[in-house]
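Q: compute the structure for the input listed below.
(2 chains)
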Amino acid sequence: MKYKNILLKLDGKVATITLNRPDKLNAINDEMLRELMKALDKVKRDFDSEVVVIKGAGGSFCTGQDLSGEGTDQVMPPNPRNKNYLYDLFATSLQNQSVWQYIFEFPKITVAQVHGYCLGMGLDLAMACRAAICTEDAVFGDPSVRMGFASPNPLWTFRIGLKKSKELLLTGKYIDGKEAERIGLVMKAVPADRLEDTMAAEVEVFAHSSGIGGWDQQADFWCYSMTVLDLAGLSAGRRMAGNAHVLSAIQRPGRSLIDRGGLDFCQARDEKGLKAAIEERDAPFREYFPQPKPKKG
Amino acid sequence: MSTIIYEKIDNIGYVTLNRPEELNAMNDQMLAELDALLPQLEMDLEAKVIVFRGAGKDFCAGQDLTGVNTHEVLSEPGEHLTVKKRMEAERRRNRRWETIFNLAKPTIAQVHGHCLGTGCYLAMVCDMTIAAEDALFGDPLLRMGLLPHMPLWLYLVGMKRTKEMLYTGCYINGIEAEQIGLVNKAVPRDELDTEVERLSRGIALLPCDATAPAKDAINSVMEARGLGACWRFTNNMQLVMQQRKMLPEEFDFFKVRDKQGLKAAVEQRDRPFKKFCEER
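A: Model prediction:
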């Protein structure tokens, strides 16, 4: 099978999936998400691979869901101006829940290799992996709230706790790799020129440890951990966050009494282009939340 | 004289606990004023972020333990009430926390000085907490034979830390509170106002139609993680705890208070623990 938006390499114990839309900073559109699922399926059936590395081609890991509005019916809620049927929204939400559950519960060890931007759905992807290793200057964040969306990702409070989750999701602010490591969002942050070496070393360890106790015991342990998380509320949380996301998507931002005339992201995008809309979205916040930038390498 | 001051500056609502002489301890009047204010906060579209803070030197030292006008704040031993009455009272107490936790707008606790017991609970139910580095956090309720009743302890700082905090009743400062996840950030005392202002003004730029569901998404995950059931469970445990009979040799906070005064009672309560807790 030929992939258009990703690259898949099977090499002994290590499979590598590269998000490959570098000119779009690897933004995830429907097709890329489908291909990612197909590639994971293939890795799952490949007897040799024990670790899957997920990384991004070009200057960034992934800037998140493709906001262009083209080929994004699944990854983005539709424009609220189109008066959508709730049924469609909820159906898409359910479909997405199973996609992210599949990635999170992938039976082989998934490791995200993060550099450059790792935002929105890109961060959801990194969080769904069992481990994430990043460069110190990588930039993390979920600016969904600035476009009026609630995050459908239930892993936040499990990964970094309630207070920090709210701080990041209710401001949409960005943090760098060092801070991400400090608050527990990633396993390790290293200088940019050490990323490849560190990954190679860590992946070696993962590949080795994935065999400890034999496959059956590994599978048993993983299955048990997933059960514990579900009992601790993850599965219900996934559903509830998904529903909250749908509810946030049926309303148009800037429509309440006090916020009239606020940013309507879809409108700004259609009138001025995507780049200008994103700038308009983020600019007012920089005064309050300094925005880190990845170094040009 | 009102015990809570509410003011609004540029889309930010400031709720100031105002009993500075009593370290902003919560008494019945304060809770009544808070209960009257909460629906107003919810309905006020112009207040996009709510900041909770304390007047004077402290955020809040917790329940007013004087026993005067504190009927709503805590049930004292020896009160003869029906189980139903007690249950109603406990429900009201917990619902107050739940209501603040679920306000459909972002809330920030700005903490300096003492932040103890129910004062600490107030900071915990706020979405974010910014603290002064030398602020003091703690929950010494067990030392008085009262039940710590905030399930968020477990979610915020984990099981081991929670048990350490509650069993010892020791206090920690703002820096440690940040390390264990009780607060978002600890800053030097003189930068506290600026830090909170930056955070609240930044959030106030967001449309309230965006922050409300974003907050609800996170809170509903907490609900799925069992928080809803926890409120009710702590409720019932509080009821059980109230039926407890003191042993004759046990330190009886309320008896000492009635005989020797509040100050002596607090002193006697904390003295035996001094050598186990680090000085802060």
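Q: next, the buried residues of stretch B:71-89.
A: Using 16 or more other C-beta atoms under 10 Å in any protein chain shown as the test for burial, stretch B:71-89 gives B:Glu72, B:Val73, B:Leu74, B:Ser75, B:Glu76, B:Pro77, B:Arg86, B:Ala89. Every C-beta, even on glycine, is put in place using the N, C-alpha and C of the backbone.
Q: pull the residues that contact that stretch.
A: The list of residues contacting stretch B:71-89 from outside it, by C-beta atoms under 8 Å, 6 or more residues apart in numbering or on different chains, reads B:26-28, B:31-32, B:63-65, B:67, B:70, B:90, B:92-93, B:118, B:145-146, B:235, B:239, B:242, B:244, B:246, B:252, B:254.
Q: cool, stretch B:8-15 as well?
A: With C-beta under 8 Å, 6+ apart, stretch B:8-15 has contacts from A:258, B:4-7, B:37, B:41, B:44, B:46-53, B:200-201, B:204.
Q: just the buried residues from the residues you listed, in PyMOL please.
A: Remark: buried members of the contacts of stretch B:8-15, expressed as a PyMOL selection using 16+ other C-beta under 10 Å:
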select buried, (chain A and resi 258) or (chain B and resi 4+6+37+41+44+47+48+49+50+51+52+53+200+201+204)
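Q: just the contacts of stretch B:8-15: which are in helices?
A: Counting by DSSP state H, the contacts of stretch B:8-15 place B:Leu37, B:Leu41, B:Ser200, B:Arg201, B:Ala204 in helices.
Q: so which pair among the residues you listed is furthest apart in space?
A: By the measure C-beta to C-beta, B:Leu37 and B:Arg201 form the most distant pair in those, at 22.0 Å.
Q: ranges for the strands of the chain?
A: Let's take chain A. Counting by DSSP state E, chain A has strands at residues A:6-11, A:14-19, A:51-56, A:109-114, A:117-119, A:131-135, A:139-141, A:174-176, A:188-190.
Q: um, chain B though
A: So, for chain B - with DSSP E - the strands run B:4-9, B:12-17, B:49-54, B:107-111, B:114-116, B:128-132, B:136-138, B:172-173, B:185-187.
Q: give the pairing partners of the fourth one; include direction for each.
A: The pairing partners recorded for strand B:107-111 under DSSP bridges are strand B:49-54 (parallel), strand B:128-132 (parallel).
Q: now the ones you listed as JSON lines including mean pLDDT and distance to A:Leu274?
A: JSON lines is the format used below for the strands paired with strand B:107-111 (pLDDT from 0 to 100; distance: least, C-beta to C-beta, whole Å):
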{"stretch": "strand B:49-54", "mean pLDDT": "98", "distance to A:Leu274": "29"}
{"stretch": "strand B:128-132", "mean pLDDT": "98", "distance to A:Leu274": "31"}
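Q: which among those strands is found nearest to A:Val99?
A: Comparing these by C-beta to C-beta, strand B:128-132 comes nearest, at 30.7 Å.
Q: near chain B, which residues of the stretch 51-200 of chain A show up?
A: For the stretch 51-200 of chain A, the residues in contact with chain B (C-beta under 8 Å from any C-beta of the partner chain) are A:144-152, A:154, A:156-157, A:161-167, A:169-173.
Q: what about the residue lying closest to B:Pro20 once chain neighbours are set aside, distance to chain A?
A: Computed as C-beta to C-beta, 6 or more residues apart in numbering or on different chains, the closest residue to B:Pro20 that is not its neighbour in sequence is B:Gly56, at 2.7 Å. Per C-beta to the nearest C-beta, to the nearest Å, B:Gly56 is found 25 Å from chain A.
Q: report the contact partners of A:Asp48.
A: By C-beta under 8 Å, 6+ apart, the neighbours of A:Asp48 are A:Leu10, A:Gly12, A:Lys13.
Q: filter these to the buried ones?
A: Buried by 16+ other C-beta under 10 Å: A:Lys13, out of these.
Q: which of the contacts of A:Asp48 lies closest to A:Arg81?
A: A:Leu10 (44.3 Å).
Q: OK, contacts around the closest one?
A: Listed by C-beta under 8 Å, 6+ apart, the contact set of A:Leu10 reads A:Lys42, A:Val43, A:Asp46, A:Asp48, A:Ser49.
Q: out of those, what pair is the most spread apart?
A: The largest separation in the contacts of A:Leu10, counting by C-beta to C-beta, is between A:Lys42 and A:Asp48 at 12.0 Å.
Q: flag the least confident of the buried residues of stretch B:71-89.
A: The member of the buried residues of stretch B:71-89 with the lowest pLDDT is B:Pro77, at 71.
Q: separation between it and B:Ser2?
A: In this structure, B:Pro77 and B:Ser2 are 31 Å apart, going by C-beta to C-beta, to the nearest Å.
Q: and the closest residue to chain A within chain B, what does it touch?
A: In chain B, no residue comes nearer to chain A than B:Gly202, which is 3.0 Å away by C-beta to the nearest C-beta. With contact set as C-beta under 8 Å, 6+ apart, B:Gly202 has these partners: A:Thr171, A:Lys173, A:Phe285, A:Glu287, A:Tyr288, A:Phe289.
Q: go on, A:Asp282?
A: A:Pro143, A:Arg146, A:Gln291.
Q: from those residues, list the buried ones, please.
A: Applying 16+ other C-beta under 10 Å to the contacts of A:Asp282 flags A:Pro143, A:Arg146 as buried.
Q: with respect to B:Leu166, which of the contacts of A:Asp282 is nearest?
A: A:Pro143 (37.7 Å).
Q: the closest one contacts A:Gly172, doesn't it?
A: Yes: the criterion here is C-beta atoms under 8 Å, and A:Pro143 meets it with A:Gly172 at 3.9 Å.
Q: and the helices in the stretch 101-250 of chain B?
A: Secondary structure of the stretch 101-250 of chain B (DSSP state H, counting those that start in this stretch): helices at B:117-125, B:152-168, B:174-180, B:192-204, B:208-224, B:227-242.
Q: with only the CA atoms kept, save the fifth one in CSV.
A: It refers to helix B:208-224. Written as CSV, here are the backbone C-alpha positions of helix B:208-224 (Å, rounded to 0.1, in the frame of the first residue of the first chain):
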residue,chain,number,x,y,z
CYS,B,208,-16.9,32.6,27.6
ASP,B,209,-18.6,30.3,25.1
ALA,B,210,-15.2,28.7,24.7
THR,B,211,-14.0,28.5,28.3
ALA,B,212,-17.3,27.1,29.6
PRO,B,213,-17.3,23.9,27.6
ALA,B,214,-13.5,23.6,27.8
LYS,B,215,-13.7,23.6,31.6
ASP,B,216,-16.7,21.3,31.5
ALA,B,217,-14.8,18.8,29.4
ILE,B,218,-12.0,18.6,32.0
ASN,B,219,-14.5,18.5,34.9
SER,B,220,-16.6,15.8,33.3
VAL,B,221,-13.4,13.6,33.0
MET,B,222,-13.0,14.2,36.7
GLU,B,223,-16.6,13.1,37.2
ALA,B,224,-15.8,10.0,35.3
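Q: which helices and strands sit right next to it?
A: If contacts are counted by 3 or more C-beta pairs under 8 Å, 6 or more residues apart in numbering or on different chains; DSSP states H and E, helix B:208-224 sits against helix A:156-160, helix A:162-169, helix A:234-249.
Q: so what's whichever residue of chain A sits closest to chain B closest to, chain neighbours aside?
A: Proximity of chain A to chain B (C-beta to the nearest C-beta) peaks at A:Tyr288, 3.0 Å away. With C-beta to C-beta, 6+ apart as the measure, B:Gly202 is the residue that lies nearest to A:Tyr288, at 3.0 Å, once sequence neighbours are left out.
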